[in-house]
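[1] Sequence plus the predicted model coming up.
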Amino acid sequence: MCDDGQLPPGLRLGGRPALEASDVDALPGTLDRLRHEIAEVRASRERLVLAADAGRRGIERELHEGVQQDLVALAVNLQLAGQLVDTDPAAAKTLLEEMGRDIRQALVETAQLAQRVYPPLLEAGLAVALRSALATAAISIPVAVDVAPSARYPHTVARTIYLCCLEILEHAETGARATVTVRDEPAGVVFDLVVNGTRPADPELNASRDRVEALGGRLTIASEPGGGARVTGSLPLPR
C-alpha cells in the first residue's frame, strides 16, 4: 500500500496483478492468434492423416500392379517351363532365365516397398538407412550424404529425417544433384537438404513440414544460386 492509501500500480486487493488497459485491448488479437494456431494444428493433423491414407493406397496399388502381377506371371511361366522341359529344353532354359530376371526385379520392388512401410535399417543408424534407401529407391539423381556413422537419434527423430529426405528427393528433376547433411546443435538436430537445379513447390513440402512440426520442430526452404533450394529442418531432442 502506498503512503497515500492507494494500491500500487498493476496490483489489486489480494496481491494479484490487475489487467492493464493495454492488456484488455490486446485480448482480441491474442484470441484471434490462438484461433489461427488451433486451426493450423487441426489442418496439419488432417494433412498427416490424409498423407498416411494416400501412402497406404500407394503401397496397395504398387503391390497389386507390381509384386502381385510379377508373382502371377511367374506362376504361369513356371507351369509353362514344366511343360517345355521334355519337349523343348532350350526354350525351357530361356524361360527359366527370364523368370530369374523377373524374380530379381520383384525382390527390388519388395525391398523398396518395405523401406517405405518401415525402414528396418534405421536400427543400424540414420547414415546407413539413408545411403541404402538412396541407392535402391526410385531417385534418379546423385545424392551425397554427410551423416556421422556413429550418429544415433531417437527412432521418431531419425525416421522423420529419413522420410523427409526421401519425400523431397522424389520430386527432384532429372539432372539435378543433391546433398544431405545432418548435424547436432545445442538445441537439437538439424538436417540440410540442398538440391541444385530444382526447387520443391510448397505443396510438395507439406507432408515433410507436418512431420517436423508434429515433433515440435521447424522446416524452412530458401533459394540457392542457379535455381536450386535449401530445405532445412530442425528437431528438438528429448532431454
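    Structure's in. What do you need?

[2] Break down this structure into its helices, ranges please.
    With DSSP state H, the ranges of helices along the chain come out as 21-62, 68-87, 89-117, 126-136, 155-169, 202-214.

[3] Nearest to Pro149, out of these?
    Closest approach to Pro149 among these is made by helix 126-136 (5.1 Å; CB to CB). Any C-beta I mention is one placed from the backbone N, CA and C, and that applies to glycine too.

[4] What angle do helix 89-117 and the closest one make with each other?
    Counting by axes from the mean of the first three to the mean of the last three CA atoms, to 10 degrees, helix 126-136 lies at 140 degrees to helix 89-117.

[5] Ala149 reaches Ala129, doesn't it?
    Careful, residue 149 is Pro; it's not Ala. No. Taking contacts as CB atoms under 8 Å, Pro149 lies outside contact range of Ala129: 11.6 Å.

[6] quick one, which of the two is more surrounded?
    Higher neighbour count among Pro149 and Ala129: Ala129, with 23 against 10, using other CB atoms under 10 Å.

[7] which stretch in the helices of the chain has the least confidence?
    Mean pLDDT is lowest for helix 21-62 among these, at a mean of 68.

[8] can you pull the buried residues of stretch 68-81?
    70, 81 (16 or more other CB atoms under 10 Å).

[9] got the contact list for it?
    Outside stretch 68-81, the residues that touch it by CB atoms under 8 Å, 6 or more residues apart in numbering are 92, 95-96, 98-99, 102-103, 105-106, 109.

[10] List buried residues within these.
    92, 95, 99, 106, 109.

[11] Now do the contacts for the last one.
    Listed by CB under 8 Å, 6+ apart, the contact partners of Glu109 are 62, 66-67, 70.

[12] of those residues, closest to Pro225?
    Glu62 (36.8 Å).

[13] Tell me how many other residues surround the residue nearest to that closest one when sequence neighbours are not counted.
    Leaving aside its chain neighbours, Glu62 sits nearest to Leu113 (6.1 Å; criterion: CB to CB, 6 or more residues apart in numbering). When neighbours are counted by other CB under 10 Å, Leu113 registers 15.
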